[in-house]
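>>> Sequence first, then the predicted structure:
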Amino acid sequence: MKKPIRKAVFPVAGLGTRFLPATKAIPKEMLPIIDRPLIQYAVDEAREAGIEQLIFVTGRGKTSIVEHFDTAFELEATMQGRGKNLDVLAPTRIQPGNLVTVRQQVPMGLGHAIWCARAIVGDEPFAIFLPDELMIGRPGCMAQMVEAYNEVGGNLISVLEVPEEEVSSYGVIAPGKRLEHDLTEVVGLVEKPRRGEAPSNLIISGRYILQPEVMRTLESQGAGAGGEIQLTDAMAKMIGTQPFHAVTFAGRRFDCGNHLGFVEATLALALERPDMGDDVRAMARRLLDL
Ligand code: UTP
């Protein structure tokens with residue numbers, strides 16, 4: 001019997017240097033795509049997948065992320081007094097006790113951030129969400145992964161195909177046997193491979209389901225690519241000791257950690273919204289002189 005995925009870790013302690021100066025006083029994860037911050041999209045996706053406990057790995061200057069999911073008494077009382085509908089705040093409500101924060105005092109890398117959550121994760125499999133990767137799909141990416149997990153168990157990562165010249169910026173998988181339901185066996189993993197040395201053009205895309213043993217591997221993990229403690233290196237060591245599969249996400253992914261991806265996500269989501277899509281299309285035509 002597979003243990004259910006009840007907990008999710010959201011590493012949000014990074015410095016967000018690619019978005020400076022915007023991220024000097026505002027966490028990258030609070031940058032909005034239209035009217036919802038990035039972290040909200042990730043939390044919505046987690047809930048849809050049946051995740052109960054949210055574990056935020058935070059750092060200095062990140063308190064607004066936690067406040068976003070708190071009750072804002074003054075705001076709500078004022079809105080109520082003015083007869084305004086509070087439904088818009090519904091996604092920010094978390095069941096008491098279901099949001100836990102731990103601190104990563106120094107941003108030493110994604111692997112280190114995940115390891116900081118070890119005591120809360122305990123001895124059960126857990127999900128990981130990188131909130132700056134916005135995944136749009138029906139069902140959502142994590143729901144698709146949980147479905148696959150219920151079949152094969154073990155460890156799962158979400159992957160997508162990118163042009164060969166882009167692989168050096170990401171974690172890349174060495175694919176093994178292709179199974180049904182967009183599932184591929186993972187036989188190796190490399191973080192930010194040099195051009196020409198990547199085992200495939202399938203990159204890890206910000207969503208993971210991992211077994212708790214990864215915490216023990218991270219415990220003794222030294223720095224890898226970029227001088228950071230890399231999650232990819234720890235996962236690579238687990239291959240062969242536990243089942244490891246990649247799920248090709250049926251949906252769209254926007255890398256909102258860089259400027260172009262952020263703009264693309266904003267435009268794509270705005271075009272789809274019934275309340276503004278037509279106006280945005282007309283505006284884009286005007287701007288493009290079409
Ligand atoms: P990124 O490398 O995309 O985020 O990490 P960053 O370091 O904040 O951004 P840049 O490169 O300086 O612009 C992916 C995720 O991992 C978290 C980040 O907050 C982001 O959600 N992270 C990264 C940590 O929590 N701790 C770290 O030490 C590194």
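Yep, that arrived. Numbers count the residues shown, from 1 in each chain.

>>> Mind listing residues that contact the strand or helix carrying D279?
Using DSSP states H and E, D279 falls within helix 277-287. Contact partners of helix 277-287, identified using CB atoms under 8 Å, 6 or more residues apart in numbering, comprise 267, 270-271, 273. (Each C-beta comes from the backbone N, C-alpha and C, glycine too.)

>>> Show me these that map onto helices.
Among those, DSSP state H puts 267, 270-271 in helices.

>>> Export these to JSON lines and append columns for neighbour count, distance to T217 and pLDDT.
Below are the ones in helices among the contacts of helix 277-287 laid out as JSON lines (neighbours: other CB atoms under 10 Å; distance: CB to CB, whole Å; pLDDT from 0 to 100):
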{"residue": "L267", "neighbour count": "14", "distance to T217": "40", "pLDDT": "97"}
{"residue": "A270", "neighbour count": "18", "distance to T217": "42", "pLDDT": "98"}
{"residue": "L271", "neighbour count": "13", "distance to T217": "42", "pLDDT": "97"}
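
>>> Return the member of these nearest to the ligand.
Minimum distance to the ligand across the ones in helices among the contacts of helix 277-287 is 20.8 Å, recorded for L267 (CB to the nearest ligand atom).

>>> now A127, nearest residue through space, not along the chain?
A8 (4.1 Å; CB to CB, 6 or more residues apart in numbering).

>>> For the one you found, grab the count of nearby residues.
When neighbours are defined as other CB atoms under 10 Å, A8 has 27 of them.

>>> Which residues are in contact with E133?
Here E133 is in contact with 205-207, 253-257 (CB under 8 Å, 6+ apart).

>>> distance of it from T248?
E133 sits 15 Å away from T248, going by CB to CB, to the nearest Å.

>>> ok, now F129?
Distance of F129 to T248, given as CB to CB: 18 Å.

>>> Equivalent analysis for E74, please.
Separation of E74 from T248 (CB to CB) stands at 46 Å.

>>> if you count what's nearby, which of these two comes out ahead?
T248 (16 against 7).

>>> any idea which element E124 lies in?
With DSSP H and E as criterion, E124 is part of no helix or strand.

>>> Do I have it right that E191 meets I229?
No - counting by CB atoms under 8 Å, E191 does not reach I229; the two are 10.7 Å apart.

>>> ok so, going back, out of the contacts of E133, which are close to the ligand?
Filtering those for proximity to the ligand by CB under 6 Å from any ligand atom leaves G257.

>>> now the contacts of E133 in JSON lines, with neighbour count, distance to Q95 and pLDDT?
Shown next, in JSON lines, are the contacts of E133 (neighbours: other CB under 10 Å; distance: CB to CB, whole Å; pLDDT from 0 to 100):
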{"residue": "S205", "neighbour count": "23", "distance to Q95": "28", "pLDDT": "92"}
{"residue": "G206", "neighbour count": "25", "distance to Q95": "25", "pLDDT": "95"}
{"residue": "R207", "neighbour count": "28", "distance to Q95": "22", "pLDDT": "98"}
{"residue": "R253", "neighbour count": "21", "distance to Q95": "28", "pLDDT": "95"}
{"residue": "F254", "neighbour count": "24", "distance to Q95": "29", "pLDDT": "97"}
{"residue": "D255", "neighbour count": "21", "distance to Q95": "31", "pLDDT": "95"}
{"residue": "C256", "neighbour count": "26", "distance to Q95": "27", "pLDDT": "97"}
{"residue": "G257", "neighbour count": "22", "distance to Q95": "29", "pLDDT": "95"}
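
>>> for the residue in the stretch 1-150 of the chain that the ligand sits nearest to, what are its contacts?
Here the residue of the stretch 1-150 of the chain nearest the ligand is G14; by CB to the nearest ligand atom that distance is 2.1 Å. By CB under 8 Å, 6+ apart, G14 lies in contact with 28, 59, 107, 110, 113.

>>> In terms of pLDDT, where does it sit?
For G14, the pLDDT comes out at 94.

>>> Kindly report the same for H181.
pLDDT recorded at H181 is 67.

>>> Check G122 and give its pLDDT.
We note a pLDDT of 96 for G122 in this prediction.

>>> okay, now it: neighbour count?
Neighbours around G122, by other CB under 10 Å: 11.

>>> Report how many residues lie close to the closest residue to it other than its chain neighbours.
Leaving aside its sequence neighbours, G122 sits nearest to P212 (CB to CB, 6+ apart; 6.9 Å). Neighbourhood size, P212 [other CB under 10 Å]: 15.
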